[in-house]
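Asker: Fold the following.
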Amino acid sequence: MVHALEIVHNLLSQQGLLIDIHPLAIPPPIEAVSGDCRELIGHLQETDDFIEYTQAETALQQSIASGLFTLVKQENFDFITHAETYSDFVNFIHDEWKDAILDEQISRRWGKILSKWSGEFEGSTPEVQMHEQVQISRLSRCIIPPLLRRPFMNPKLQELKTLLAEINDLRYAGNVLYWDQATYMPSGGAEARASQLATLARLEQEKFIQPAIGHLLDELQPYAEGLPYDSDEASLIRVTRRNYERAIRVPPEFVGELNNHTSLAYDIWAKSRPANDFGSTRPYLEKTLDLSRQLADYFPGYDHIIDPLIAREDYGLTAAEISTLFNDLRSELVPLMQAITSQPPADDSCLHRHYPEAQQDALCRDLAKCIGYDFERGRLDKTLHPFTVNFSRGDVRITTRYREDYLSEGLYNVLHEGGHALYEQGISTSLEGTYLAEGTSAGVHESQSRLWENLVGRGRLFWQYWYPQIQKTFPSQLDDTSLEEFYHAINKVTPSLIRTDADEVTYNLHVMLRFDLEMALLDGRLAIKDLPEAWHARYQSDLGITAPDDRDGVLQDVHWFSAVIGGVFQGYTLGNILSAQFYAAALQAHPQIPDEIARGNCMTLLAWLTENIYQHGTKFTTKELVERITGGPIRIEPYIAYLKDKYGELYDL
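Answerer: You can find the predicted model right below:
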């Protein structure tokens, strides 16, 4: 839709005006009306049209944010549909709103009102009215919108961008092969795929560390120093230099070896986890650990061997800083968990009934559309361990897994990966083909998946709108379950074996023990052969439970079997901390966001996140971005306040 507005922009004259009229994605109220008396009898429920209305509103806001148009005036008005009888109204809805849903309770309420009013309004029959809210906007064409400007570009900068575009093509080609390996590739292709991925990774590394790029960066440094720090050009030169100075320390041969090994290790893990066979993975993990240490040693001068690995994913943060945050967080989480788990657990049996996969998939696609995921620039597939991958800004794919005996599995995987994808889809088109066209860091990226999954997707207001839709999809499973019971079920707090199934209160304990184990593996305090035992011991001490096997123990996560050991897991808890900071800032800017979410409209929140986080890509470090948005450093207080407020109310603490 934004592309269509770009076309309209080009067709208009310099002083041209655009009038946009579209309904709002708010279920229209249906009323019985007689004279001055009116009574609400229900709301019209519809999915596809409301999603299209939401997309239209998003496109309009993005066209304003990107500088295509300036908003001159905007007003809302009611478009009222009248029907003399309820049957006439039903016929109209069936003819004009093909996918609309009229709850049976509306008909019953209409009958009660007819009986109630029959004696009060003699000679007058009440009519049915439906009030659809419509927004009309008057916009003026920006003469030279920022996204369409063609300013003078330093020829050296243009040369750098051309080289980087080729390098990014290799990286995205590798992403395509990885996506295929994790979704549809037959097992017989594992060995060849490992070689293919290794070749692409080696070629990408060789092209990036060529002296020509170093010379260009040197020549462009004076130019960058004369530009605003936050300009695209200065940011591109700064971030590319940082990546280049790291890359030239690592030989291309090592990059190829690492990628070949981790591709093979992933295939072994995919076979070994269902078979509960840690022994088959052990030699691969031992080599992964050796390669991880070797990679860290290319960056001497660290305080802890994990620091260079953290810098690959969360640049600017160290093990010491993260450990301090985690220790402070643990001291708050453990008492909260103990206070909650000392009470009878919430009943989540409603989530463990039979939910056919096909219906789950259709529902999850609607949820993804609701939060703003653009299926014209992405797709949803199944995999063993859900992930998000991008091949360009116009092709950002998400994956999930479903369990027919557990509804939350699919729902929250899609909301989680959808949050990652919104970030990638929201990056400015001006950054495409460069190292700026990706998320700031693992922590910031995870903040978006956790924000949409938890702060939005596990909130009462979100389900105030969506729970009736789920009940219609699964009537026999959920007819006996109220919204409040469902809300308690999806927020049940109990120690669990699987990180991805963990609740908000205990989740970070899963992450922090992994971070501790990684540090111990890397600095030699723990050997791979002793990892399963150490894993079970930490789960017993931290969460009071022990897995019956390695399948749900050390084999449960893909991370150590598809990449280096160290530098990734800390991002999950950093993301939780940051999600609360960012969400609080969004609410401060737009206090109406919760009310909009309760109406199934997430677009104001998405627009704020796009403006303040997504569009910038990796122009700013984590610390810089947090400072720009919140005015201060990374803090656990907003996250702790969120948890205590929510779960204090849920569990009467």
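
Asker: Tell me the secondary structure at residue 493.
Answerer: Taking DSSP: H, G, I helix; E, B strand; the rest coil as the rule, one finds residue 493 in the coil state.

Asker: Quick check: it touching residue 506?
Answerer: Yes. The pair residue 493 and residue 506 qualifies as a contact (Cβ atoms under 8 Å) at a distance of 6.7 Å. C-beta here means a position set from N, CA and C on the backbone, and glycine is covered the same way.

Asker: So what touches stretch 133-141?
Answerer: 9, 12-24, 26, 28, 57, 60, 63-64, 68-79 (Cβ atoms under 8 Å, 6 or more residues apart in numbering).

Asker: show me where the stretch 1-150 of the chain has helices.
Answerer: Secondary structure of the stretch 1-150 of the chain (DSSP state H, counting those that start in this stretch): helices located at 2-11, 48-65, 86-96, 104-117.

Asker: who touches the residue lying closest to residue 230 once chain neighbours are set aside in this structure?
Answerer: Once flanking residues are discounted, residue 230 sits nearest to residue 619: 6.6 Å by Cβ to Cβ, 6 or more residues apart in numbering. In this structure, residue 619 makes contact with 230, 232, 235, 239, 431, 436, 440, judged by Cβ under 8 Å, 6+ apart.

Asker: do you know how far residue 619 is from residue 335?
Answerer: With the distance defined as Cβ to Cβ, to the nearest Å, residue 619 ends up 39 Å from residue 335.

Asker: Could you do residue 280 as well?
Answerer: Relative to residue 335, residue 280 is positioned 41 Å away (Cβ to Cβ).

Asker: between these two, which one's more packed in?
Answerer: Under the neighbour definition other Cβ atoms under 10 Å, residue 280 and residue 335 were set side by side, and residue 280 has more, 12 against 9.

Asker: Next up, identify which helix or strand the residue nearest in space to the middle of the chain is on.
Answerer: Relative to the mean C-alpha position of the chain, the nearest C-alpha, by Cα atoms, centre = their mean, is the one of residue 419, at 1.1 Å. Per DSSP states H and E: residue 419 is located in helix 407-425.

Asker: I figured residue 330 hits residue 511, correct?
Answerer: No. With the criterion set as Cβ under 8 Å, residue 330 and residue 511 do not qualify as a contacting pair; they are 10.6 Å apart.

Asker: higher neighbour count, these two?
Answerer: Higher neighbour count among residue 330 and residue 511: residue 511, with 22 against 15, using other Cβ under 10 Å.

Asker: Which of the three states applies to the closest residue to residue 479 other than its chain neighbours?
Answerer: Leaving aside its sequence neighbours, residue 479 sits nearest to residue 471 (Cβ to Cβ, 6+ apart; 6.7 Å). Secondary structure, three-state DSSP: residue 471 is helix.

Asker: gap between residue 471 and residue 460?
Answerer: The spacing between residue 471 and residue 460, counted by Cβ to Cβ, is 16 Å.

Asker: Which of the two has more residues huddled nearby?
Answerer: Applying other Cβ under 10 Å to residue 471 and residue 460 shows that residue 460 carries more neighbours, namely 20 against 16.

Asker: Now for that one: which residues touch it?
Answerer: With contact taken as Cβ under 8 Å, 6+ apart, residue 460 is in contact with 483, 487.

Asker: Swap in 7 Å and give it another go.
Answerer: For residue 460, the set of contacting residues under the criterion of Cβ atoms under 7 Å, 6 or more residues apart in numbering consists of residue 487.

Asker: Tell me the pLDDT of residue 241.
Answerer: We have a pLDDT of 97 for residue 241.

Asker: hmm, who's touching the strand or helix carrying it?
Answerer: With elements delineated by DSSP H and E, residue 241 resides in helix 232-247, which encompasses its position. Among residues not part of helix 232-247, those counted as contacts by Cβ under 7 Å, 6+ apart are 157, 164, 205, 208-209, 213-214, 217, 220, 224, 227-228, 430-431, 434-436, 618-619.

Asker: sorry, back to before: hey, which of the helices of the stretch 1-150 of the chain is tucked in deepest?
Answerer: The densest packing among those, expressed as mean neighbour count by mean count of other Cβ atoms under 10 Å, is seen in helix 48-65 with a mean of 20.

Asker: Can you spell out the domain ranges of this structure, please?
Answerer: Domain assignment of the chain by automatic domain parsing yields the ranges 2-147, 151-272, 313-650.

Asker: Looking at those domains, spot the one closest to residue 286.
Answerer: domain 313-650 (4.8 Å; Cβ to Cβ).

Asker: okay, how far is it across that closest one, tip to tip?
Answerer: Here the two ends of domain 313-650 are set 35 Å apart, with distance taken as Cα to Cα, to the nearest Å.

Asker: Next: stretch 433-447.
Answerer: Using Cα to Cα, the end-to-end distance of stretch 433-447 comes to 24 Å.

Asker: Show me the contact partners of it.
Answerer: Outside stretch 433-447, the residues that touch it by Cβ under 7 Å, 6+ apart are 161, 164-165, 168, 235-236, 239-240, 243, 313-315, 393, 420, 423, 427, 431, 568, 571-572, 574-575, 578-579, 582, 617-622, 625.
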